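Asker: Give me a model of this one.
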Amino acid sequence: MATLIIESSHLSVRLGRWERFATFQRSFDIPWDHIVYAEASSDMWPRVRGWRWPGIGIPHVVLIGRMRYRGGADFCALLGTKPGIVLELRDEPYDRLLATAPHASQIVKHVTQGR
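Answerer: Numbers count the residues shown, from 1 in each chain. As a prediction, the model looks like this:
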C-alpha cells in the first residue's frame, strides 16, 4: 500500500510497483504549504466520494486510485478498515488525499503545529 513519508519540506507519497501500474500514477510529493487541512480518521470509507478511474477498488477491502467527481478528483490509497488520514490540498492535481497511514497523528501534528 502507499507509504507516506514525512520530509522536512514535503510529504512523500510512495507507491509500489503494482499501485503505479493500476493507477497510472507515479509516486509524488506534496509541499507542506499545499496542505490546507489534515484529519486522522479511524473509518476512512465514508469519506470516499466519486467514481474510481483509474484504479482498483473492492469496498471495505482495498481502494487505490483516483476518485473523480463533478468539479474535482481525490487520490485514495485505502487498505481494509485500518485508520488513515484525510488531507485537503490546494494547488495540486487532487483536491484531497485519503490514505491508510499508521502514523496519521504525526502527520496531522506536523500540519497543524508547524512545518
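
Asker: Name the SS class of residue 63, please.
Answerer: When classified by DSSP: H, G, I helix; E, B strand; the rest coil, residue 63 comes out as strand.

Asker: Wait, a helix at residue 82?
Answerer: No: counting by three-state DSSP, residue 82 is located in no helix; its state is coil.

Asker: does the residue nearest to it when sequence neighbours are not counted have beta-bridge partners, and which?
Answerer: The shortest distance from residue 82 to any residue that is not its chain neighbour, by C-beta to C-beta, 6 or more residues apart in numbering, is 4.7 Å, and that residue is residue 100. Using the backbone N, CA and C atoms, a C-beta is placed for each residue, glycine as well. For residue 100, the beta-bridge assignment (DSSP bridges) gives partners residue 84.

Asker: List the buried residues in stretch 40-58.
Answerer: Counting neighbours by 16 or more other C-beta atoms under 10 Å, one finds that the buried residues in stretch 40-58 are 40, 44, 48, 50, 52, 55, 57.

Asker: any chance of the residues you listed in TSV, with pLDDT and secondary structure too?
Answerer: Output for the buried residues of stretch 40-58, formatted as TSV (pLDDT from 0 to 100; DSSP: H, G, I helix; E, B strand; the rest coil):
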residue	pLDDT	secondary structure
40	97	strand
44	96	coil
48	97	coil
50	96	coil
52	94	strand
55	95	strand
57	95	strand
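
Asker: Quick one: the helices in this protein, in order.
Answerer: In the chain, the helices defined using DSSP state H lie at 17-23, 104-113.

Asker: Now do the shortest one: everything it contacts.
Answerer: Right, the one you point to is helix 17-23. Under the criterion C-beta atoms under 8 Å, 6 or more residues apart in numbering, residues 1-2, 15, 25-27, 54-56, 64-66, 77 lie in contact with helix 17-23.
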